[in-house]
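pasted the sequence and its predicted model underneath.
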Amino acid sequence: MPRGGDLVVSIRTEPRTFNRLTSREATTDMVASLMQAKLIRINRVTDEVEPWLAESWTRSADGSSYTLKLRPNVSFSDGHPFSAGDVAFSLDAAYAVPLAADGLLIDGKKLKIAAADPLTIVITFPVLYAPGLRILDNLLVLPQHKLEAALKSGSLASAWSLATPPSEIAGLGPFVLSAYSPGQRMAFARNPHYWRKDEKGADLPYLDRLTLEFVPDESTELLRLASGQSDMTISEVPSEAYATVKRASESGKLRLWDLGVGYDPDAFWLNLRPGAFASDPRAAWLQRDELRLAISMAVDRQLFADTVFLGAGVPVYGPITPANKKWYSPDAARTSHDPVGARALLAAIGLTDRNFDGLLVDANQTPARFTIVTQKGRPKLERGASVIRDELKKVGIAVDIVALEGGAVIEQITSGKFDAVYFNAYLNSTDPASSPDFFLSSGSTHLWNIGQKTPATKWEGQIDELMKRQTQSLDEAERKRLFDDVLRIFAEHQPAVYFVAPHVFVASSQRVTNVVPAVQRPQLLWSPDTVAVAR
């Protein structure tokens, strides 16, 4: 395999922080995968658990605990030795930050960890947990010697901000941050202390350098790829660019992969936070189930697929797509395209065309109108929001669209200051039990009402209880049945409305080698230490 060289990768948004504990957006995730490592890794192609910093493990007879053996002679990027103490510290650090804690709680309870010796740890689960060690894919192993003071002082959430000098950040990943130029790029260099070797015993990573360039505009990103200014994109190739990229592939300029239907459809959701519209004249109907169900019925999903993805997508009715063969339920409730039925539902909550002008109003003459926030420079999101607007106009609902930079969209979502959003809604894992942050009412990515302490609705409580039982059952058939019930309740109330799961197309320059694309994000860079470039 060719060694050395540099890889230039474009990404849409800048990171919000270098601290993965406090942010869940795509760029911070990507940075963490380059600089940090985990005890175990889920292979994004096989979806199986692989040894990583933990080279082996055994499970207790009752399934309540695991004993993990850590790799010897491993050091952080600054040369400091790695040990069981760093693992225990990392778990404590994760539990100190609510966003990170979500993915490591089971039934709301913490994992317990004990260091038997510097290279042996015992992890005890608070209750039976069906996915087992898959949960550790949510745990980054952080350097105790760098962050312990911040944890003790209560300032961990503000540690490793974008103002932190690169030399102050250490990790166990294949690269180290060498430079950050806001608005332009992040440069990474080979971690000289990286612990992995290839099958022939050669040190990894193969690359000397990797650069993430910030290119917010999709068209510009593709022009840079086609002209050779970048080697790959973190984002998928949009369907409208497929023909152009395919021609470039056939002429030998690029490599193109069609990976089939994706796992993560974009989602539409309304703000369901209690009290969000207390002083708003729309409060009587804006958070009603009937409105969301009517929206789902009003939008022609095949039209959506044809318009937004040029036909390269399949209609979906919930967060799990056909790509997730184990957990997808073809029998889950499907919403038929039914504008007449949609109008009937809207009339049931008092929204009718009282002025005979095509626009619905309530009994107080308040128009049925709301604003959708989406991301600027993402044509599929902008087109998707436009299709929703145009389809809802046909049933008398007026929609305004506001396109913002990615970071501003995330800020609106987390602050709860929005009417509606059409945006990416990625799950942490293919196994629903490993995405409690989305499905549980208390989850930090429970998009329609982030920050709940207890269920705001009866149906959210029902989902909480089903997810608890699903997570603790070792009977796979029972787990599937319980999750099918979750999807059924989700479909009945549609807190997030899904329309189409697009096909995933990805591309790279011809000089990129040793890439095994995965449907899961990031498709081409999920294993960054083994990617190489021709020299």
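Here it is on my side, so go on. Numbering: from 1, shown residues only.

please enumerate residues in contact with stretch 273-282?
Residues outside stretch 273-282 that contact it (CB atoms under 8 Å, 6 or more residues apart in numbering) are 271, 283, 286-287, 362, 364, 366, 369-370, 416, 448-451, 456. C-beta: built from backbone N, CA, C; applies to glycine.

and the helices in this protein?
26-35, 84-95, 98-101, 144-153, 218-226, 242-250, 289-298, 301-308, 339-348, 379-393, 406-415, 436-439, 458-472, 476-493 (DSSP state H).

make CSV from those helices and add distance to E168 to it.
What follows is those, written out as CSV (distance: least, CB to CB, whole Å):
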stretch, distance to E168
helix 26-35, 12
helix 84-95, 16
helix 98-101, 20
helix 144-153, 7
helix 218-226, 31
helix 242-250, 40
helix 289-298, 46
helix 301-308, 43
helix 339-348, 55
helix 379-393, 36
helix 406-415, 23
helix 436-439, 28
helix 458-472, 38
helix 476-493, 43
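
now render those helices as a markdown table, adding mean neighbour count and distance to T67.
Below are the helices of the chain laid out as a markdown table (neighbours: other CB atoms under 10 Å; distance: least, CB to CB, whole Å):
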| stretch | mean neighbour count | distance to T67 |
| --- | --- | --- |
| helix 26-35 | 21 | 26 |
| helix 84-95 | 21 | 11 |
| helix 98-101 | 20 | 24 |
| helix 144-153 | 16 | 21 |
| helix 218-226 | 19 | 46 |
| helix 242-250 | 16 | 48 |
| helix 289-298 | 22 | 47 |
| helix 301-308 | 19 | 49 |
| helix 339-348 | 18 | 55 |
| helix 379-393 | 20 | 46 |
| helix 406-415 | 18 | 38 |
| helix 436-439 | 24 | 25 |
| helix 458-472 | 18 | 21 |
| helix 476-493 | 17 | 24 |
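
check contacts around P339.
For P339, the contact set (CB under 8 Å, 6+ apart) comprises M297, A298, K394, V395.

what sits against the residue nearest to the spatial centre of the chain?
Closest residue to the average C-alpha location of the chain: Y426 at 3.2 Å, with CA atoms, centre = their mean. Listed by CB under 8 Å, 6+ apart, the contact set of Y426 reads A26, D264, R521.

nearest to T430, of these?
Nearest to T430 among these, counting by CB to CB, is D264 at 10.6 Å.

how much space is there between the closest one and L70?
To L70, D264 is 32 Å away according to CB to CB, to the nearest Å.

neighbour-wise, which of the two wins?
L70 (22 against 19; other CB atoms under 10 Å).

grab the nearest non-local neighbour of the more buried one.
Spatial nearest neighbour of L70, excluding adjacent residues (CB to CB, 6 or more residues apart in numbering): L119 at 4.5 Å.

that neighbour contacts S83, doesn't it?
Yes - if you go by CB atoms under 8 Å, L119 and S83 touch, sitting 7.1 Å apart.

which neighbours do these two share?
Here L119 and S83 share the contacting residues L70, scored by CB under 8 Å, 6+ apart.

what residue ranges in the stretch 1-150 of the chain score low on pLDDT?
Of all residues in the stretch 1-150 of the chain, none has pLDDT under 70.

tell me where it has strands.
Using DSSP state E, counting those that start in this stretch, the strands of the stretch 1-150 of the chain run over residues 6-11, 37-38, 40-42, 49-51, 54-59, 65-70, 105-106, 109-110, 112-117, 120-124, 140-141.

next, the buried residues of the first one.
Within strand 6-11, the residues scored as buried using 16 or more other CB atoms under 10 Å are L7, V8, V9, S10, I11.
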